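A.B. asks: no sequence for this one, just the structure:
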């Protein structure tokens, strides 16, 4: 059983029961048995490029001649499914290694900001270095925003939909209990949550 943390339902495709040895057959996940031993079984679970992004929990339910057992997940071992720019079948695939290096792997970039002078209608656009903070809990924050959006997790397999959801949440002062300050991008004044 493989399910996202947010209200998993079989009918919505967010709670998936995967009998081992079976392929995806229209599901977003597939499982296969690998090596078996006397007391060990290697089970490989793969997500398809169309799988819903999010934080998942894995529970293993076994049936054998001696009885049944269920092994619940450990919250420390939650599984994160993300869009994959290295996978050709994924909508967000990037062909260029340089683009992947710049847009995915880099934790520093440039952010543009600006405003229009209301009186003279002259635009002022500036830029500055921005630290994305990918290694500092940003994944948890992004998924928190997505989970708090109140949207159906079954729609989280579409990157355009996910961007719209997160943009709406981040640009809104208060929505679904998530509060974000209105960001004013002045020179040397980094936005903060």
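C.D. replies: That came through, no problem. These numbers come from a predicted model, not from an experiment. Residues are numbered from 1 along each chain as shown.
A.B. asks: tell me where this protein has strands.
C.D. replies: For the chain, applying DSSP state E gives strands covering 2-4, 29-36, 41-47, 54-58, 60-64, 67-71, 79-81, 108-116, 123-131, 174-175, 178-179.
A.B. asks: counting contacts, what elements does the fifth one pack onto?
C.D. replies: Packing contacts for strand 60-64, counted by 3 or more Cβ pairs under 8 Å, 6 or more residues apart in numbering; DSSP states H and E, involve strand 67-71. Where you see a C-beta, it was placed from the backbone N, CA and C, and this is true even at glycine.
A.B. asks: for residue 100, see how far away the residue lying closest to residue 169 once chain neighbours are set aside is.
C.D. replies: Spatial nearest neighbour of residue 169, chain neighbours left out: residue 145 (4.8 Å); criterion: Cβ to Cβ, 6 or more residues apart in numbering. From residue 145 across to residue 100, the span is 24 Å (Cβ to Cβ, to the nearest Å).
A.B. asks: same check on residue 153?
C.D. replies: According to Cβ to Cβ, residue 153 stands 27 Å off from residue 100.
A.B. asks: these two: who's more crowded?
C.D. replies: residue 153 (23 against 15; other Cβ atoms under 10 Å).
A.B. asks: quick one: pLDDT of the more buried one?
C.D. replies: Looking at residue 153, its pLDDT reads 84.
A.B. asks: is it true that it touches residue 54?
C.D. replies: Yes. Under the criterion of Cβ atoms under 8 Å, residue 153 makes contact with residue 54 at 6.0 Å.
A.B. asks: quick one: low-confidence ranges for this structure?
C.D. replies: Regions of the chain meeting the criterion pLDDT under 70 cover residues 1-8, 12-14, 18-37, 133-136, 171-193.
A.B. asks: domains of it?
C.D. replies: Following the assignment in automatic domain parsing, the chain carries domains at 2-81, 97-179.
A.B. asks: closest one to residue 89 among the ones you listed?
C.D. replies: domain 2-81 (4.1 Å; Cβ to Cβ).
A.B. asks: adding distance to residue 89, write the domains of the chain out as CSV.
C.D. replies: Converted to CSV, the domains of the chain look like this (distance: least, Cβ to Cβ, whole Å):
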stretch, distance to residue 89
domain 2-81, 4
domain 97-179, 12
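A.B. asks: out of those domains, which comes closest to residue 88?
C.D. replies: Comparing the domains of the chain by Cβ to Cβ, domain 2-81 comes nearest, at 8.4 Å.
A.B. asks: which ones are touching residue 132?
C.D. replies: 106-109, 138 (Cβ atoms under 8 Å, 6 or more residues apart in numbering).
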